[in-house]
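> Based on what follows, work out the 3D shape:
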Amino acid sequence: MATEMVTKDDVIRSLDGLPVESLTEVRRFVEFVRFKVKPRRVALSAEQIRARLMETFGMWADRTDLPADSIDYVDEIRRGHRLDDLGLRHDETH
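Sure thing, here's the model as predicted:
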């Protein structure tokens, strides 16, 4: 099967012969083709994922307003005004 070389001008000339009502359908088809040929995301290797994660690792390290223990930090938030706003009391025994 021989492949015919088609230029953008060839396509535009083809459009000139179509009724105006069909241009919406042509546009939808062009959008479909554009989507179909859009580059796909390339799967990353485990090493690449690890490298990207390491770029963000430690981004909170210099924060002095956060406790070192994340569990303590979350507990502090839960004890805060959010429970009061909901009308809930925090049981201090947990």
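
> Could you list the low-confidence segments of this protein?
Low-confidence segments of the chain, defined by pLDDT under 70, span residues 1-2, 59-61, 81-83, 89-94.

> which SS class is the spatially most central residue of it?
For the chain, the residue sitting closest to the mean C-alpha position, by CA atoms, centre = their mean, is Arg41 at 11.3 Å. Using DSSP: H, G, I helix; E, B strand; the rest coil, the secondary structure recorded for Arg41 is coil.

> quick one: contacts of the lengthiest helix in the chain?
The residue-count maximum for a helix in the chain (DSSP state H) belongs to helix 23-37. Applying CB atoms under 8 Å, 6 or more residues apart in numbering, the contact partners of helix 23-37 are Leu15, Leu18. No exception for glycine: its C-beta is placed from N, CA and C like everyone else's.

> Alpha carbons only: can I get it in CSV?
Presented in CSV, the C-alpha positions along helix 23-37 are these (Å, rounded to 0.1, in the frame of the first residue of the first chain):
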residue,chain,number,x,y,z
LEU,A,23,-17.1,21.8,9.6
THR,A,24,-18.1,21.0,13.2
GLU,A,25,-17.6,17.3,12.6
VAL,A,26,-14.3,18.0,10.8
ARG,A,27,-13.1,20.0,13.8
ARG,A,28,-14.1,17.2,16.2
PHE,A,29,-12.1,14.7,14.1
VAL,A,30,-9.1,17.0,14.1
GLU,A,31,-9.3,17.3,17.9
PHE,A,32,-9.5,13.5,18.1
VAL,A,33,-6.5,13.0,15.9
ARG,A,34,-4.6,15.6,17.9
PHE,A,35,-5.4,13.7,21.1
LYS,A,36,-4.5,10.4,19.5
VAL,A,37,-1.0,11.5,18.5
